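In: test case, fold it:
(chains A and B)
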Amino acid sequence: MRADPFDSRVPSQLVRSRTPGRPALQVEGVDKRFGRKEVLRGIDLSVWPGEVVGLVGENGCGKTTLLRICAGLAAPDRGTVRISGRLGYCPQQPGLFDRLTADEHLAYFGAGRGLARAEAVAEGRRILGSFGFPARERSVAGQLSGGTRQKLNLALALLGRPTVLLLDEPYQGFDHGVYVNFWDHVDSWRSAGQAILVVTHMLAEQDRVDRVVDLSMARGDGAG
Amino acid sequence: MSFWRHVLTAAEMQGRQLGRRRVSLLIVVALPVALYLSQDASSPENAIGFGALGVAWALATTALFAALSARESEPRLILSGYSSAELLLGRLLVLLLGGFVLCALAAVAMGLISKPVSEGDMLAACALVAVISVPLGLAVGAVLPTDLEGTLVIIGAVGVQLSLPQNSAANLALPLDAPIQFASRAGGFTGSAPGLMLLQAGLYTAALILISMVAWSRRVGRRREVAIQAEGG
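Out: Predicted structure coming up:
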């Protein structure tokens, strides 16, 4: 197994632990260019079950692109991604259907995960309830506030208990209480053995993750 | 089993979304009615053809926007376990169902107002309009990048079809030639042999569905560089 080149660049106080075993998410040698602009170069990254890795870096350094490549939504120019188990992806922009209600989203995405309709709605409602989503909310997604849409966006990623979670600034629009509560949820997902890669700008919360990977440094145009 | 469950769920959700676009649905019905009635007032012998093309434009545009509005969200559905073919088939089914309902209403109205020479030909024209124009809109939506280009292409295809003389060889190259030929026969004009028109319509429909599937899969499908192994695998 190749060494993760980021580790040597990560401030040691931010490195907590690494769960031994096989990585749930393994990125090897990923390059990506958009035209003449090189966004990612030689990215190697592993996330183990029960580990939370924070992905940081300046705007435009490729955080969202790397997550999209990990999810299989964008093709790298070179390199591979290997995922063991089931993937949950929460994009930065909620990819919701404006004319479907929350329950219909849960039924739709749940069917893809093999869940019966009632099971998907019940599990989704439980997740949404834990984020403070209004229990009686029956509006279509296009009529929800930004923060409420984001809660639904995150709940869809969590549906069916994925083993690997890719979260791209999943708390945008959350009010303070729900934001703090979000990191408590991250702790519980880690305890449940989920491998989590989360894009974050919140430097104050980096003590809530096990490792921090700075893509600006990894690309070679930062302090590295 | 999960294939059909996925297809039917996709069809149901597509139907719910379309059903909630009430203003759009009103326009979808009003546009062919306006086109048909205006032609019936000025040149009634061509009114059935114009009505059929109006329905075709409305259905193709509806299919185009159904495809485009799913572009942002469907990659996530694929991550959750759907295939692009299941999502496309679900959308195709619900649009065809709606298309047949609209075409049936149009056939009844045109039958009562225009008194066609051959009602069978008119029904064939209406049915083929639905069968061809829905895949046409889906294919355009899968291939072209935005709604503006897609709408212009559909307007172009229908507009050229409207303006071409009926005996022009160029008709054969256009997707809606077969229903227009049937509409001409229904209005008392000569048209190509029905078998030939059905063959032409079948080939066009198959080609458009194939284009839709390939282009949609490339647009929303998972990239092959990412390998997902079952847990413990």
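
In: now stretch A:146-154: buried residues?
Out: Across stretch A:146-154, burial judged by 16 or more other CB atoms under 10 Å in any protein chain shown covers A:147-154. (C-beta placed from N, C-alpha, C; glycine too.)

In: return only those of those residues found close to chain B.
Out: With CB under 8 Å from any CB of the partner chain as the criterion, the buried residues of stretch A:146-154 include none near chain B.

In: out of these, which are inside strands?
Out: Judged by DSSP state E, strands contain none of those.

In: what would the residues you listed look like in TSV with pLDDT and distance to B:Arg218?
Out: Below are the buried residues of stretch A:146-154 laid out as TSV (pLDDT from 0 to 100; distance: CB to CB, whole Å):
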residue	pLDDT	distance to B:Arg218
A:Gly147	90	34
A:Thr148	92	33
A:Arg149	93	28
A:Gln150	93	29
A:Lys151	93	32
A:Leu152	95	28
A:Asn153	94	25
A:Leu154	95	28
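
In: just the ones of these in helices?
Out: Under the assignment DSSP state H, these contribute A:147-154 to helices.

In: with adjacent residues omitted, what lies nearest to B:Asn171?
Out: B:Asp177 (4.4 Å; CB to CB, 6 or more residues apart in numbering or on different chains).

In: show the pLDDT at the one you found.
Out: Note on B:Asp177: pLDDT of 90.

In: is it true that it touches B:Ser168?
Out: No. If you go by CB atoms under 8 Å, B:Asp177 and B:Ser168 don't touch, sitting 9.6 Å apart.

In: more neighbours, those two?
Out: B:Asp177 (24 against 12; other CB atoms under 10 Å in any protein chain shown).

In: contacting residues around the more buried one?
Out: B:161, B:171, B:197, B:200 (CB atoms under 8 Å, 6 or more residues apart in numbering or on different chains).

In: report the separation between the last one and A:Gly54.
Out: What it means is B:Gln200. Separation of B:Gln200 from A:Gly54 (CB to CB, to the nearest Å): 59 Å.

In: also the second one?
Out: Taking CB to CB as the criterion, B:Asn171 is separated from A:Gly54 by 62 Å.

In: the more surrounded of those two?
Out: Each of B:Asn171 and A:Gly54 has its neighbours counted (other CB under 10 Å); A:Gly54 has more, 25 against 19.

In: who are the neighbours in contact with the more buried one?
Out: Contacts of A:Gly54 (CB under 8 Å, 6+ apart): A:198-200, A:205-206, A:209, A:211-213.

In: least confident secondary structure element in chain B?
Out: strand B:226-229 (a mean of 67; mean pLDDT, DSSP states H and E).

In: remind me what the helix of greatest length in chain B packs against, helices and strands.
Out: Criterion DSSP H: the longest helix present in chain B is helix B:84-114. Contact analysis of helix B:84-114 by 3 or more CB pairs under 8 Å, 6 or more residues apart in numbering or on different chains; DSSP states H and E lists helix B:2-19, helix B:22-42, helix B:47-69, helix B:74-79, helix B:119-143, helix B:194-220 as its packing neighbours.

In: neighbouring strands - and their directions - for the helix or strand harbouring A:Ser46?
Out: Assigned by DSSP states H and E, A:Ser46 falls within strand A:37-47. Applying DSSP bridges, strand A:37-47 is found paired with strand A:25-34 (antiparallel).

In: mind listing what's buried along the partner strand?
Out: In strand A:25-34, counting by 16+ other CB under 10 Å, buried: A:25-28, A:30, A:32.

In: which one of these is nearest chain B?
Out: Chain B has its nearest neighbour among the buried residues of strand A:25-34 in A:Val30, at 8.4 Å by CB to the nearest CB.

In: burial measure for the closest residue to the closest one other than its chain neighbours, as a count.
Out: Using CB to CB, 6+ apart and skipping the chain neighbours, the partner closest in space to A:Val30 is A:Gly79 (3.5 Å). The tally of other residues near A:Gly79 (other CB under 10 Å) stands at 18.

In: hmm, A:Gly79 is touching A:Arg41, no?
Out: No. At 9.9 Å, A:Gly79 and A:Arg41 do not qualify as touching, with contact defined as CB under 8 Å.

In: and for these two, which residues touch both?
Out: A:Asp31.

In: where does the prediction get shaky in the chain?
Out: Looking at chain A here, since you left the chain open. Chain A contains residues with pLDDT under 70 at A:1-21, A:202-203, A:218-224.

In: can you look at chain B instead?
Out: Residue ranges of chain B with pLDDT under 70: B:1, B:224-226, B:228-233.

In: centroid-nearest residue for it?
Out: Centroid check for chain B by CA atoms, centre = their mean gives B:Val134 as the closest residue, at 1.6 Å.

In: distance check, that residue against chain A.
Out: 19 Å (CB to the nearest CB, to the nearest Å).

In: now the element after the host helix or strand of A:Asn181, going C-ward?
Out: Following DSSP H and E, one finds A:Asn181 within helix A:176-191. Sequence-wise, the next helix or strand downstream of helix A:176-191 (DSSP H and E) is strand A:195-199.

In: is chain B within reach of that following strand?
Out: No. Strand A:195-199 stays clear of chain B (CB under 8 Å from any CB), getting no nearer than 11.4 Å.

In: Provide the strand pairings for the next helix or strand after that strand, with the direction of each partner.
Out: Going down the chain from strand A:195-199, the next helix or strand is strand A:211-214, by DSSP H and E. Strand pairing for strand A:211-214, using DSSP bridges, gives strand A:52-56 (parallel).

In: tilt between the partner strand and helix A:176-191?
Out: In terms of direction (axes from the mean of the first three to the mean of the last three CA atoms, to 10 degrees), strand A:52-56 departs from helix A:176-191 by 130 degrees.

In: quick check: which helices or strands does the next helix or strand after strand A:52-56 pack against?
Out: Where DSSP H and E defines the elements, the next helix or strand beyond strand A:52-56 is helix A:63-71. With contacts defined as 3+ CB pairs under 8 Å, 6+ apart, the packing partners of helix A:63-71 are strand A:25-34, strand A:37-47, strand A:52-56, strand A:78-84, strand A:87-90, strand A:164-168, strand A:195-199, strand B:226-229.

In: quick one: distance of the fourth one to the chain centre.
Out: When C-alpha coordinates are averaged (CA atoms, centre = their mean, to the nearest Å), strand A:78-84 and its chain have centres 16 Å apart.

In: identify whichever of the helices and strands packed on helix A:63-71 lies nearest to B:Leu152.
Out: strand A:25-34 (27.4 Å; CB to CB).

In: so B:Ala85 makes contact with B:Met213?
Out: Yes. In this structure B:Ala85 lies within contact range of B:Met213 using CB under 8 Å: 6.0 Å.

In: give me every residue that touches B:Thr61.
Out: For B:Thr61, the contact set (CB under 8 Å, 6+ apart) comprises B:28, B:137, B:151, B:154.

In: circling back to that earlier point, alpha carbons of the strand holding A:Ser46, as PDB, please.
Out: Taking Å, rounded to 0.1, in the frame of the first residue of the first chain, the C-alpha atoms of strand A:37-47 are listed here in PDB:
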ATOM      1  CA  LYS A  37      -5.300  24.700 -15.100                       C
ATOM      2  CA  GLU A  38      -4.000  21.900 -13.000                       C
ATOM      3  CA  VAL A  39      -6.400  21.300 -10.100                       C
ATOM      4  CA  LEU A  40      -5.200  18.000  -8.700                       C
ATOM      5  CA  ARG A  41      -1.800  16.400  -9.100                       C
ATOM      6  CA  GLY A  42      -0.800  12.900  -7.800                       C
ATOM      7  CA  ILE A  43      -3.400  12.800  -5.000                       C
ATOM      8  CA  ASP A  44      -3.100   9.700  -2.800                       C
ATOM      9  CA  LEU A  45      -5.600   9.600   0.100                       C
ATOM     10  CA  SER A  46      -7.000   6.900   2.300                       C
ATOM     11  CA  VAL A  47      -9.800   7.000   4.800                       C
END
